[in-house]
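A.B. asks: structure for this input, please:
(chains A and B)
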Amino acid sequence: MSATDAISNERLEALLRGDRPRTDGEERRAALLDGLRAARLRAPEPLRVQVLAPRAAPKPRFALPSRRLALVVLPAAAAVAVGAAVVHGFVGSGGSGKPVPVAESQGALRTWSGAAAGSGATVSHGAAPSAVPAKTPNIDVPSRLQHTAASLTVRVPDDDALSKATTQATRIATSLGGYAQSVVYRSPQSGGGTSSLELRVPAQNVRTALTRLAALGTLESQQVSVQDLQHAFAVQTAQIAQLRRSIAALRQALRDPSLPDAQRVLLKIRLAEQQRALAQRLHARTGTVAAGTTSRISLVLSTSGAVVPVATHHGRLGRMVHSALRFLALEATVALYVLIVIGPFAVLAALAWALNRARRRREERRLLAA
Amino acid sequence: MKGVNAASTSLDPPHALAARPSFDEVAAEQLDAVYRYLVYLTGDRSAAEDLAAETFEKAFRMWRRFDPRRGTPRTWLCRIARSVAIDWFRAESRRRKREETYARDLAETEDAAFGDGLPEQLELALRELSPAEREVVALRVLLELDGPSAARVLGISQTACSTRLSRALQRLEERIGDVRD
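C.D. replies: Next up is the predicted model:
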């Protein structure tokens, strides 16, 4: 056997634990280990004094969050997000439900909702649906440009009544100068039927429309929201006027025969840009006017026992859940955007960290191998 | 000879430390072990002395972060000592580049670095090993760290740690044989 017989790692571990050597090679290896352990090597006295000298406790330093802290923070953040959504849902579902007259609405979105079984525009939460059609809120014909959106849930006795009410609702919209944008009629063999209508009605007739639609059966719930568009309209009109003045000035300048060619080209480019911007503003203003002059009514007609796929929400709890879910979705969207923005930087940072770590490891190996 | 480490080996099993010891206790128990490790790693007693002092200074500042459930105080201190020593090696490497001749001369003047009472052949053979080989010998043989703890200090796998130790000891045997011949 040579002086450097290979000894398996297992046997070496056994020798380190103090097992008896079995071969000559192991005998030599054990002797080597004993020789290494035989050396006396104690810390010098000055070092001992220095290290063991009493000292003041170090000041607590700011430390980055540990992984364990992250395990607490992440669920806490999720809980806060859900809590915020619940609070938002609670607040957004409305308190007493007392309506505000539309005429008072100035540039804001106003909403009335609830199970409308009372009288007038008052919303009565928790009231049993009444056979008496509820009156619509006091939606006056506004002097300002406003977009009205309403949703109603009306119950009818049976499938025949459902069919008739659906036809009647379409006729009501047509008779008031509007139209039915979509009608979805479901009448399954078992269970109740439903009919969902998306109606467009001129703004000045929305109150009449709501009154007549509510009279098609028993009004279970209604929600009316009014959004003021006057400011947007004014802004768009001002922009259009400005663009027109700018275009006129550019055209006037281009008529000058002494204009240098280079400048002429620049002015023509600017003119084209202004004309394009004008076309966009005009299109946008047309849309604003259309939204302000046409009201949207979502009507759901259902028979008793039907499962209503409603856009409207029954009671405060339903609205609260809906509002909370919307808020959660908003939070998720924001989180996703943040992730998309931060993601590449985080990946780059992780990559840089990994590369730096690998470089340091290589350097360490090189330093210690010397 | 295992008696040299008898006081500190009682701290080795990770689960033996249910209660957190005080820093003073740990420093008193582990000072010799850390110093031995640094002497083997650097091959220079005076540097090891400085680095040991720095290690315990750093450990004192970081003591709040020591978690007995994640390892023994000895393993934790050896990791700090290694980090401190690596910085020293880095600085030495830069210095040697600048003052190459002086550094070479300085290395040659070192004597009896690895312990009193060590056979001369073994002393010479140890000097022939690389710092990486000497440190694994120090951790496994002198400080009697178990395989997983030593691997954690070195930042390598347990198998790689065993292999490195095996090679280091084999080289030591070869060198001792060469010196005898």
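
A.B. asks: for chain B, what's the nearest residue on chain A?
C.D. replies: Using Cβ to the nearest Cβ, residue A:39 is the residue of chain A that sits closest to chain B, at 2.6 Å. No exception for glycine: its C-beta is placed from N, CA and C like everyone else's.

A.B. asks: okay, and residue A:284 sits in which element?
C.D. replies: Per DSSP states H and E, residue A:284 falls inside helix A:261-293.

A.B. asks: tell me the mean pLDDT over the next helix or strand along the chain from that helix?
C.D. replies: Once the chain leaves helix A:261-293, the next helix or strand it forms, by DSSP H and E, is strand A:294-303. Taken as a whole, strand A:294-303 has a mean pLDDT of 89.

A.B. asks: what residues sit buried inside stretch A:159-176?
C.D. replies: A:161, A:162, A:163, A:165, A:166, A:168, A:169, A:170, A:172, A:173, A:176 (16 or more other Cβ atoms under 10 Å in any protein chain shown).

A.B. asks: is it true that the fifth one touches residue A:300?
C.D. replies: No - here residue A:166 does not reach residue A:300: they are 10.7 Å apart, not a contact under Cβ atoms under 8 Å.

A.B. asks: picking up where we left off before, so what's the residue of chain A closest to chain B up against?
C.D. replies: By Cβ atoms under 8 Å, 6 or more residues apart in numbering or on different chains, the contact set of residue A:39 is B:114, B:115, B:116, B:117, B:118.

A.B. asks: where do the helices sit along the stretch 51-200 of chain A?
C.D. replies: Remark: helices assigned in the stretch 51-200 of chain A by DSSP state H, counting those that start in this stretch are A:67-92, A:159-175.

A.B. asks: and the helix of greatest length in chain A, anywhere near chain B?
C.D. replies: Longest helix in chain A, counting residues (DSSP state H): helix A:315-369. Yes - interface with chain B: helix A:315-369 contributes A:361, A:363, A:364, A:365, A:367, A:368, A:369 (Cβ under 8 Å from any Cβ of the partner chain).

A.B. asks: number of residues surrounding the fourth one?
C.D. replies: Meaning residue A:365. Residue A:365: 13 surrounding residues under other Cβ atoms under 10 Å in any protein chain shown.

A.B. asks: any idea of the pLDDT on the closest residue to it other than its chain neighbours?
C.D. replies: For residue A:365, the nearest residue in space outside its immediate sequence neighbours is residue B:132; the separation is 7.2 Å by Cβ to Cβ, 6 or more residues apart in numbering or on different chains. Listed pLDDT for residue B:132 reads 92.

A.B. asks: my guess is residue B:132 contacts residue B:40, does it?
C.D. replies: No - here residue B:132 lies out of contact with residue B:40, judged by Cβ under 8 Å, at a distance of 10.7 Å.

A.B. asks: those two - which one has more neighbours?
C.D. replies: residue B:40 (27 against 19).

A.B. asks: any idea which element the more buried one lies in?
C.D. replies: helix B:23-42.

A.B. asks: quick one: buried residues of the helix or strand that that helix is followed by?
C.D. replies: Next helix or strand after helix B:23-42 toward the C-terminus (DSSP H and E): helix B:45-62. Under the neighbour-count criterion of 16+ other Cβ under 10 Å, helix B:45-62 has B:45, B:47-57, B:59-60 buried.

A.B. asks: mind putting these in TSV, pLDDT included?
C.D. replies: Below are the buried residues of helix B:45-62 laid out as TSV (pLDDT from 0 to 100):
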residue	pLDDT
B:45	89
B:47	90
B:48	92
B:49	92
B:50	93
B:51	94
B:52	94
B:53	94
B:54	94
B:55	95
B:56	94
B:57	93
B:59	93
B:60	92
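
A.B. asks: about what we covered before: now the common contact residues for residue A:166 and residue A:300.
C.D. replies: A:195, A:197.

A.B. asks: contacting residues for whichever residue of chain B sits closest to chain A?
C.D. replies: Nearest residue of chain B to chain A: residue B:115, at 2.6 Å (Cβ to the nearest Cβ). Neighbouring residues of residue B:115 by Cβ under 8 Å, 6+ apart: A:39, A:40, A:41, B:36, B:39.

A.B. asks: is any residue of stretch B:166-181 near chain A?
C.D. replies: Yes - using Cβ under 8 Å from any Cβ, stretch B:166-181 reaches chain A at B:166, B:169, B:170, B:172, B:173, B:174, B:176, B:177.

A.B. asks: and the buried ones among those, selectable in ChimeraX?
C.D. replies: Of the residues of stretch B:166-181 next to chain A, the buried ones go into a single ChimeraX selection, burial set by 16+ other Cβ under 10 Å:
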select /B:166,169,170,172,173,176
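
A.B. asks: in helices, which of the residues of stretch B:166-181 next to chain A fall?
C.D. replies: B:166, B:169, B:170, B:172, B:173, B:174, B:176, B:177.

A.B. asks: excluding chain neighbours, what is closest to the residue nearest to the spatial centre of chain B?
C.D. replies: For chain B, the residue nearest the mean C-alpha position is residue B:37 (2.0 Å; Cα atoms, centre = their mean). Leaving out its chain neighbours, the residue that sits closest to residue B:37 by Cβ to Cβ, 6+ apart is residue B:138, at 4.8 Å.

A.B. asks: does the one you found touch residue B:42 like I think?
C.D. replies: No - between residue B:138 and residue B:42 there is no contact under Cβ under 8 Å: 10.6 Å.

A.B. asks: between those two, tell me which one has more neighbours.
C.D. replies: Each of residue B:138 and residue B:42 has its neighbours counted (other Cβ under 10 Å); residue B:138 has more, 26 against 22.

A.B. asks: list the contacts for that one?
C.D. replies: Counting by Cβ under 8 Å, 6+ apart, the residues that residue B:138 touches are B:36, B:37, B:39, B:40, B:41.

A.B. asks: sorry, back to before: do I have it right that the residue nearest to the centre of chain B meets residue B:139?
C.D. replies: Yes - at 6.5 Å, residue B:37 counts as touching residue B:139 under the criterion of Cβ under 8 Å.

A.B. asks: quick one: low-confidence ranges for chain B?
C.D. replies: Under the criterion of pLDDT under 70, the regions of chain B flagged as low confidence span B:1-19, B:100-112, B:179-181.

A.B. asks: what's the biggest helix in it, counting residues?
C.D. replies: In terms of residue count, the longest helix belonging to chain B (DSSP H) is helix B:73-98.

A.B. asks: show me what that helix is packed against.
C.D. replies: When contacts are defined as 3 or more Cβ pairs under 8 Å, 6 or more residues apart in numbering or on different chains; DSSP states H and E, helix B:73-98 packs onto helix A:315-369, helix B:23-42, helix B:45-62, helix B:100-108, helix B:147-154.
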